[in-house]
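Engineer: structure, please.
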Amino acid sequence: ENGNQWAAYRLGKEYLEGNTVNKVTIRAADWFTKSAEAGNQYAQYMLGKLYLTGQGVTHDQTQAIDWFSRSAAQ
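Structural biologist: Numbering: from 1, shown residues only. Here you go, the predicted model:
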């Protein structure tokens with residue numbers, strides 16, 4: 001919540017995997033988005049995967065390609 005992109009990425013991973021917290025893909029997507037918008041290339045990749053598969057977000061191939069491209073550029 002304080003803007004740490006790495007903490008947001010880790011929270012996204014925790015919500016996606018559901019090992020230490022309940023698995024909630026929508027919350028994972030929210031945390032990945034915060035991290036990705038702050039420039040975290042790993043969150044950008046994960047967000048691309050979520051858009052590609054429609055998990056936690058609306059299936060959107062254009063958004064997926066955008067996030068994959070941002071990640072790859074780094």
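
Engineer: can we go C-alpha only for contacts and neighbour counts from here?
Structural biologist: Noted.

Engineer: show the contacting residues for the residue most central in space within the chain.
Structural biologist: Central residue of the chain (C-alpha atoms, centre = their mean): residue 32, 2.8 Å from the mean position. By C-alpha atoms under 8 Å, 6 or more residues apart in numbering, the residues touching residue 32 are 8-9, 12, 43-44, 46-47.

Engineer: rerun at 7 Å
Structural biologist: Residue 32 makes contacts with 8-9, 12, 43, 47, as judged by C-alpha atoms under 7 Å, 6 or more residues apart in numbering.

Engineer: now list the buried members of these.
Structural biologist: Applying 16 or more other C-alpha atoms under 10 Å to the contacts of residue 32, the neighbour count classes 8-9, 12, 43, 47 as buried.

Engineer: now residue 58: closest residue in space, sequence neighbours ignored.
Structural biologist: Leaving out its chain neighbours, the residue that sits closest to residue 58 by C-alpha to C-alpha, 6 or more residues apart in numbering is residue 51, at 6.5 Å.

Engineer: what helix or strand is that neighbour on?
Structural biologist: When elements are assigned from DSSP states H and E, residue 51 belongs to helix 41-53.

Engineer: buried ones in that helix?
Structural biologist: Neighbour counts over helix 41-53 (16+ other C-alpha under 10 Å) mark 41-52 as buried.

Engineer: circling back: quick check, the residue nearest to residue 58 in contact with residue 66.
Structural biologist: No: with contact defined as C-alpha atoms under 7 Å, residue 51 and residue 66 do not form a contacting pair (9.9 Å).

Engineer: hang on, the earlier thing: which residues touch the residue nearest to residue 58?
Structural biologist: 57-61, 63-64.

Engineer: between the residues you listed, which sits nearest residue 73?
Structural biologist: residue 64 (14.2 Å; C-alpha to C-alpha).

Engineer: isn't that closest one right up against residue 53?
Structural biologist: No: using C-alpha under 7 Å, residue 64 is not in contact with residue 53, being 8.9 Å away.

Engineer: between the two, what contacts are shared?
Structural biologist: Counting by C-alpha under 7 Å, 6+ apart, residue 64 and residue 53 have no contacts in common.

Engineer: state the distance from residue 74 to residue 40.
Structural biologist: Per C-alpha to C-alpha, to the nearest Å, residue 74 is found 9 Å from residue 40.
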